Every structure is written in C-alpha cells, then in structure tokens.
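Engineer: Provide a 3D model corresponding to the input given below.
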Amino acid sequence: MATTTKKTTKAKVAVQTREEFQSALLVLFTDEIKDIYWAEKHLTQALPKMERAATSDGLKEAFANHLQQTQLHVERLEQVFELLQEKIQAKKCDAMEGLVLEGESIIEDTDEGTATRDVGLIIAAQKVEHYEIAAYGSLTQLAKTIGRDDIAVILAKTLAEEKETDELLTAIAENTVNYDAATE
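Structural biologist: Residues are numbered from 1 along each chain as shown. Model prediction:
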C-alpha cells in the first residue's frame with residue numbers, strides 16, 4: 001500500500017508541475033499581449049507623423065492604410081484581452097519606443113521633400129514591421145501551445161497583415177523610391 005501512495009504522490013507532483021508550467025506560460029503570454037498592445041497604440045501616434053513626412057504618394061498612402069490597419073490590430077488585441085478575461089492594459093514596449101524614435105531621427109536627419117527621406121522612412125517602417133512579425137508569430141504559436149486556438153486565429157490575421165505591409169514597403173522601395181533617391 002505504501003508503494004501506491006508514493007506513485008499517487010509523484011503523479012500529483014507531476015500534474016502540479018504541468019499546471020504551474022501552463023500558468024507561467026499564460027502569465028508570460030498575457031504580459032506579451034500587454035507589450036504588443038502598447039506597441040500598436042504607440043504606432044497609431046507615429047504613423048500620421050510618418051505619413052506627413054513622406055514625399056512619395058505611394059508611401060503616404062501605405063502609411064495611411066497601415067494606420068487604419070493598426071487601429072484594427074488594437075481592436076483585435078482588446079478582443080484577446082476579453083477572451084483571456086483580463087483587464088485591457090498596456091505595458092510599455094521599450095523596443096517599439098526605440099524603433100519609433102529611430103524613425104523620428106530619420107525625419108530630423110533628412111531633407112524634407114526628398115526621396116532619401118522616403119528611403120529612410122521605409123527602412124524605419126520595415127524595422128517596425130519585422131518586430132511586429134516576430135511578436136505576432138511568437139504569440140500565435142504560444143496561443144496554440146496554451147490551448148487557445150481561438151486567440152491564435154485572431155493573432156494570425158494580424159500576423160498576415162504585418163507581412164503584407166512589409167512586402168508592400170519592399171515593393172515601394174524597389175519600384176520607385178530607391179531609384180528616385182539614387183538620382184537626387
């Protein structure tokens with residue numbers, strides 16, 4: 001009988017450890033959702049500045065469209081908070097703050113109305129997109145890992161849109177802006 005008790009106790013310890021593991025992942029996941037929420041909210045302030053600073057009509061339009069998309073991303077994240085039964089809360093994202101500051105310095109360091117500024121803005125915007133792609137890719141997979149496929153579907157939509165924006169910025173750079181800057 002003592003042997004059975006030992007096995008039962010070990011099984012309980014293993015279950016508790018697995019539960020603790022899931023709980024720790026959920027805490028990390030929620031924390032990262034707060035981080036990307038702050039990042040997206042911060043971008044809604046930065047994108048209009050980038051649009052005003054851009055010279056190319058195509059780039060201006062891309063920034064304007066991405067602002068609308070970013071507002072949708074914020075709404076989706078608020079939906080994720082609701083699904084998690086968590087208070088909607090932002091946690092400062094140091095990475096996004098740094099990327100936005102880098103974009104602002106490009107605006108300050110380049111001449112207004114030049115394709116060179118547009119090249120710099122595209123570089124800054126793609127750094128932001130790559131950060132978001134990494135964040136949403138990781139969060140989508142983590143949502144699946146913790147058994148939240150409902151949330152994974154939401155995050156995957158945003159991930160796909162971030163990838164599309166990155167591809168659009170590449171196309172603008174390759175098809176016009178880089179060549180215009182080379183001839184200034």
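
Engineer: ok, and the closest non-adjacent residue to His42?
Structural biologist: Leaving out its chain neighbours, the residue that sits closest to His42 by Cβ to Cβ, 6 or more residues apart in numbering is Met96, at 5.4 Å. Glycine gets a C-beta too; all of them are placed from N, C-alpha and C.

Engineer: now the residue nearest the centre of the chain, what's its secondary structure?
Structural biologist: Relative to the mean C-alpha position of the chain, the nearest C-alpha, by Cα atoms, centre = their mean, is the one of Glu132, at 2.8 Å. The three-state label given to Glu132 by DSSP: H, G, I helix; E, B strand; the rest coil is helix.

Engineer: now the element after the helix-or-strand element of the chain with minimal mean pLDDT, going C-ward?
Structural biologist: Counting by mean pLDDT, DSSP states H and E, the chain has its least confident helix or strand at helix 2-53, which shows a mean of 79. Under the assignment DSSP states H and E, the closest C-terminal helix or strand after helix 2-53 is helix 57-84.

Engineer: what comes up buried for that following helix?
Structural biologist: 58-60, 62-63, 66-67, 69-70, 73-74, 76-77, 80-81 (16 or more other Cβ atoms under 10 Å).

Engineer: again, but for stretch 35-52
Structural biologist: 35-43, 46-47, 50-51.

Engineer: tell me the two of those that are most distant?
Structural biologist: Spatial extent of the buried residues of stretch 35-52 (Cβ to Cβ) is set by the pair Asp35 and Glu51 at 24.8 Å.

Engineer: can you tell me the helix or strand for Ile106?
Structural biologist: Element membership for Ile106, per DSSP H and E: helix 94-109.

Engineer: checking Glu86 next. Helix, strand or coil?
Structural biologist: Assigned by three-state DSSP, the conformation of Glu86 is coil.

Engineer: sorry, back to before: show me what the helix holding Ile106 is packed up against.
Structural biologist: Counting contacts by 3 or more Cβ pairs under 8 Å, 6 or more residues apart in numbering; DSSP states H and E, helix 94-109 packs against helix 2-53, helix 115-145.
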